[in-house]
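Participant: here is my input, please return the structure:
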Amino acid sequence: MNLVQFPPAVIAWKLSIIIGSLKLNLLQIATALMAATDGLIVLDYHENVLFASQGAAEIFGFENPEQLVGYALFDLLQSSDTANAKFILDCLKVHKKLKPTRLAIKNHTKNEIWVELRANNIPQTTKNELPPSILLSLHIIPSSPRHDEKVHQLEYIVNTLQITAATDQLTGTYNRRHFELVAHNEIERSHRYGQPLSLIMIDIDHFKDVNDRLGHLIGDQALVAIAQLAIKICRSFDVVCRWGGEEFVLLVPGVGGEEALKIAERLRKQVREADIPNVGRLTISAGVTQLGTHETFEQWIKRTDDTLYKAKNAGRDRCELSSQSSDTHTIRLLNLVWDPSYSSGSERIDQEHIELFVLGNAIFEALLTNSPVDKLQNRFIQLRDSLEMHFQHEEQILKDIKYPYLNEHIDLHLELLKRFKKFFTNIKNKNSLTFSKLVDVLVKQLVLEHLLKADQKYFPFLSPHLRISKYHK
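Facilitator: Sure, this is the predicted structure:
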């Protein structure tokens, strides 16, 4: 079947059916994607580009598809219509799909192009536990779609209404309804892949006094100021929500409780030091929790709320971290722990390093709990595939900054992958896999020798704006 002869919407639909029915590996469809003339992109669930077609590269102003790999869709969808671009990103984040939506984008060469975007969810393959993904299609439309202006206006109205429905109109943060949709998706992802997920719930201390003394209008201005401080310390894929009244919640994927506590402390200090117009100084209290292994959304929210009130009852202007819920894994004989001192300053590299730590810990747990061999194999496949993808992203970043030792670093990647493939053969026979061998590969070779030594050499070459990590200031 020659997919190129079909419109992009049909291509996306047919590919989603094929993938869902045949359980294809993403790598098996890479060749078809690269050859497609229309814009086709496979995204992970953080909206990062995994694969792209030649057509997609041309739409975004790149010479070849490989240059798109590793980009965040947020960085690609540069548009003067910021509200519509935000709507597209929100749809993909929450629903993992997108109905036909038009957008004028400014590509890599600063040319404005009108495109129609739509997206479908790619189901997870049960065979090898590859994470689910999103297939995004882009189709160039006339530069000034006046021939269909009424349709475009209607689309814009619908998109604006959907954005409004997800946003707290006072503070510009997400509202509670939207937060719950995102949180349920992130909880499912955390339970499935063993990745940490943390929640920060904050409350403005003595806020009723502000309203009583200065009036609700001034109180609203204070809420907006604190909401903006919270948004500034968060990454693009974190979620800031006005929970109700003077309470806000921050959903922080890929971050454990201890690290989330540091984020909460940074916010608390920034609020305390801020001179809020017409109000002066305010303080906040915060409750911080990490999602438990089998914890539901309702249980997690209640535990976080209890932790917040523990902070308030202890005197306010403080942050409290809840102990892990009782069902959190008790086997912690060896755990790879991410420390902010490991940060490169590049948000993408740091996030992928954290995920490698998480996947490594999942393998330790599987071995220590005598999990079936197939489960251990699947987790190692997931780590290996994530490592290969991370190396591709990292090499592209180093190429972009013209790192002088790029070739030597690529050689290190190839050698490490070679060791991993050799090690994988031992996992097929679990009796030959010892804990000491696992420690040697994951801790010594991957973490100590590569992530904490080899990678540290390129940190000084990162551009100044990349050297500042939002979580490590």
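Participant: please enumerate the strands of the stretch 1-150 of the chain.
Facilitator: In the stretch 1-150 of the chain, the segments counted as strands under DSSP state E, counting those that start in this stretch are 39-43, 49-52, 98-106, 112-122, 133-140.
Participant: one more: the stretch 251-400 of the chain?
Facilitator: Under DSSP E, counting those that start in this stretch, the stretch 251-400 of the chain gives strands at 284-290, 319-321.
Participant: hmm, back to that, Serialize the strands of the stretch 1-150 of the chain to a markdown table and add fields for mean pLDDT, mean neighbour count and distance to residue 461.
Facilitator: Backbone N, C-alpha and C define where each C-beta goes, glycine included. As requested, the strands of the stretch 1-150 of the chain are exported to a markdown table (pLDDT from 0 to 100; neighbours: other C-beta atoms under 10 Å; distance: least, C-beta to C-beta, whole Å):
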| stretch | mean pLDDT | mean neighbour count | distance to residue 461 |
| --- | --- | --- | --- |
| strand 39-43 | 88 | 25 | 28 |
| strand 49-52 | 86 | 24 | 23 |
| strand 98-106 | 84 | 18 | 28 |
| strand 112-122 | 85 | 19 | 33 |
| strand 133-140 | 87 | 23 | 31 |
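Participant: okay, those in a markdown table with distance to residue 69 next?
Facilitator: As requested, the strands of the stretch 1-150 of the chain are exported to a markdown table (distance: least, C-beta to C-beta, whole Å):
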| stretch | distance to residue 69 |
| --- | --- |
| strand 39-43 | 10 |
| strand 49-52 | 6 |
| strand 98-106 | 19 |
| strand 112-122 | 17 |
| strand 133-140 | 13 |
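Participant: closest one to residue 386 among the ones you listed?
Facilitator: Proximity to residue 386 (C-beta to C-beta) singles out strand 49-52 among those, at 11.1 Å.
Participant: okay, buried residues for stretch 184-191 please.
Facilitator: Neighbour counts using 16 or more other C-beta atoms under 10 Å place 185-187, 189-191 of stretch 184-191 among the buried residues.
Participant: go on, stretch 290-298?
Facilitator: 290-292, 295.
Participant: with stretch 279-290 instead?
Facilitator: Buried residues in stretch 279-290, counting neighbours by 16+ other C-beta under 10 Å, are found at 279, 282, 284-290.
Participant: turn these into TSV, columns for distance to residue 362 and pLDDT.
Facilitator: As requested, the buried residues of stretch 279-290 are exported to TSV (distance: C-beta to C-beta, whole Å; pLDDT from 0 to 100):
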residue	distance to residue 362	pLDDT
279	46	93
282	41	96
284	34	97
285	34	97
286	29	97
287	27	97
288	23	97
289	21	96
290	15	93
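Participant: quick one on the thing from earlier: tabulate the strands of the stretch 251-400 of the chain (JSON lines), appending distance to residue 50.
Facilitator: Output for the strands of the stretch 251-400 of the chain, formatted as JSON lines (distance: least, C-beta to C-beta, whole Å):
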{"stretch": "strand 284-290", "distance to residue 50": "28"}
{"stretch": "strand 319-321", "distance to residue 50": "35"}
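Participant: can you report phi and psi for the residue positioned nearest the centre of the chain?
Facilitator: The centroid of the chain falls nearest to residue 46 when counting by C-alpha atoms, centre = their mean (3.8 Å). Per-residue torsions, residue 46: phi -100, psi 10 (degrees, to the nearest 10).
Participant: my read is that residue 117 contacts residue 89, right?
Facilitator: No. The criterion here is C-beta atoms under 8 Å, and residue 117 misses it with residue 89 at 10.8 Å.
Participant: quick check, pLDDT for residue 126.
Facilitator: As predicted, residue 126 sits at a pLDDT of 48.
Participant: er, residue 333 actually
Facilitator: 42.
Participant: the closest residue to residue 77 other than its chain neighbours: how many residues sit nearby?
Facilitator: Spatial nearest neighbour of residue 77, chain neighbours left out: residue 85 (4.7 Å); criterion: C-beta to C-beta, 6 or more residues apart in numbering. Using other C-beta atoms under 10 Å, residue 85 has 21 neighbouring residues.
Participant: start at 55 instead
Facilitator: In the new count, where the first residue is 55, that last one comes out as residue 139.
Participant: having no further points to raise, I will conclude here.
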